[in-house]
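Trainee: What follows is a predicted structure for the sequence shown.
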Amino acid sequence: MDNSAAARRLDVGGMVRVARERVVARLREAEVVAAALSAGRNVLLEGPPGTGKTTLLRSLADGAGVPLVLVEGNAELTPARLVGHHDASRVLTEDYRAENFVPGPLTRAMTDGALLYVEEFNRVPEETMNVLLGVLSEREMHVPRYGRVTARPTFRLVAAMNPFDAVGTARVTPALYDRSCRVAMGYQDEDAELAVVAAATGGPVDLVAQAVRTVRITRDHPELRIGASVRGAIDTVLIARELATVRGDAASPADPVDDTAGLDAALAALTGKVTLADGTARPVEDVVADIWHRAGLELQSAGEEPGKA
């Protein structure tokens with residue numbers, strides 16, 4: 001197998017081109033991540049949920065022409081689930097053979113030369129992290145009763161983590177940072193989030209503007225410890241449109257939506273996505289309702305056109 005630097009390079013131009021077409025306002029991050037991957041480096045993406053990490057990685061993988069293997073990081077991601085296992089029923093009749101080994105996502109990514117994308121990496125058990133660190137160092141691993149697995153030249157690890165959520169997470173070791181390049185992905189600006197929500201929902205511009213402003217307020221609200229991502233705005237718009245149709249207030253998706261439907265949609269979409277700060281006495285429904293009305297008043301008082309933040 002050719003493991004030269006030339007063989008390990010990825011099409012950085014193709015990656016950036018596809019990312020520019022699919023991802024809103026992420027050109028800098030796309031260029032940096034694409035350059036790191038093309039240079040043969042592994043990448044650690046740090047940022048809160050809903051900032052486009054998965055969308056960016058899918059775009060880069062498509063642009064490079066390599067597969068993307070997605071793994072959800074959690075406490076149940078044991079080494080066996082990551083690497084693979086022998087089919088127990090076949091072992092009983094055939095004993096341990098290479099033919100009855102069921103490859104896990106790490107093995108598939110290594111043999112296919114894929115990007116292995118591990119979400120919520122800081123929720124992965126330490127013993128599983130150690131397996132990954134060994135692969136990053138040697139680009140191969142030994143699987144008992146199966147043999148040696150060697151990574152193809154284009155194999156890379158991309159790990160993502162939310163640095164603001166410490167519940168149920170483990171500390172990422174310096175060894176991982178030493179073997180990867182870190183790229184921070186914060187929330188996009190308001191114009192970018194408006195474009196994302198409008199493209200995802202096709203909703204009325206005034207509703208999109210109020211939903212986006214609402215989720216942005218949740219991120220800095222004194223009564224909330226964790227705010228909502230742009231997914232909260234998308235859900236709010238989609239639910240509000242359906243509510244308006246159910247209630248007979250709108251004939252088409254582009255019609256204006258009554259504020260009552262908007263509020264009801266925001267309560268359904270956001271109360272489960274935000275977390276109250278310690279010491280907050282009010283119910284989360286009251287906090288979200290106040291934020292929804294505040295967002296509407298801000299847009300009105302600013303004299304902005306609907307949807308123009």
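Mentor: Sure thing, it's come through.
Trainee: pLDDT value on Gly13, please?
Mentor: For Gly13, the pLDDT comes out at 93.
Trainee: Under the pLDDT cut-off, which ranges of the chain? List them.
Mentor: Residue ranges of the chain with pLDDT under 70: 1-7, 164-171, 250-254, 303-309.
Trainee: Repeat the analysis, applying 80 as the threshold.
Mentor: For the chain, the stretches flagged by pLDDT under 80 are 1-8, 87-99, 163-173, 249-256, 302-309.
Trainee: can you pull out the strands in it?
Mentor: Remark: strands assigned in the chain by DSSP state E are 42-46, 68-72, 84-86, 101-103, 115-119, 140-143, 147-150, 156-161, 180-184, 224-226, 275-276.
Trainee: Among those strands, single out whichever gets nearest to Asp206.
Mentor: strand 224-226 (24.3 Å; Cβ to Cβ). Where you see a C-beta, it was placed from the backbone N, CA and C, and this is true even at glycine.
Trainee: Contacts for the closest one next, please.
Mentor: 164-165, 218, 274-278, 280, 287 (Cβ atoms under 8 Å, 6 or more residues apart in numbering).
Trainee: which ones among these are found in helices?
Mentor: Among the contacts of strand 224-226, the members found in helices (DSSP state H) are 218, 287.
Trainee: coming back round to it: in CSV: the strands of the chain, plus mean neighbour count and distance to Asp206.
Mentor: CSV is the format used below for the strands of the chain (neighbours: other Cβ atoms under 10 Å; distance: least, Cβ to Cβ, whole Å):
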stretch, mean neighbour count, distance to Asp206
strand 42-46, 22, 34
strand 68-72, 18, 36
strand 84-86, 19, 52
strand 101-103, 16, 51
strand 115-119, 25, 34
strand 140-143, 15, 55
strand 147-150, 13, 55
strand 156-161, 25, 34
strand 180-184, 16, 33
strand 224-226, 18, 24
strand 275-276, 16, 28
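Trainee: Let me have those strands in CSV, extended by distance to Arg8.
Mentor: Shown next, in CSV, are those (distance: least, Cβ to Cβ, whole Å):
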stretch, distance to Arg8
strand 42-46, 12
strand 68-72, 17
strand 84-86, 24
strand 101-103, 22
strand 115-119, 13
strand 140-143, 14
strand 147-150, 13
strand 156-161, 9
strand 180-184, 15
strand 224-226, 39
strand 275-276, 42
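Trainee: got the contact list for the closest residue in space to Pro163 that isn't next to it in sequence?
Mentor: With Cβ to Cβ, 6 or more residues apart in numbering as the criterion, Pro163 has its nearest non-adjacent residue at 5.1 Å, and that residue is Glu46. By Cβ under 8 Å, 6+ apart, the residues touching Glu46 are 160-163, 182-185.
Trainee: partner residues bridging Glu46?
Mentor: Beta-bridge partners of Glu46, counted by DSSP bridges, are Met161, Ala184.
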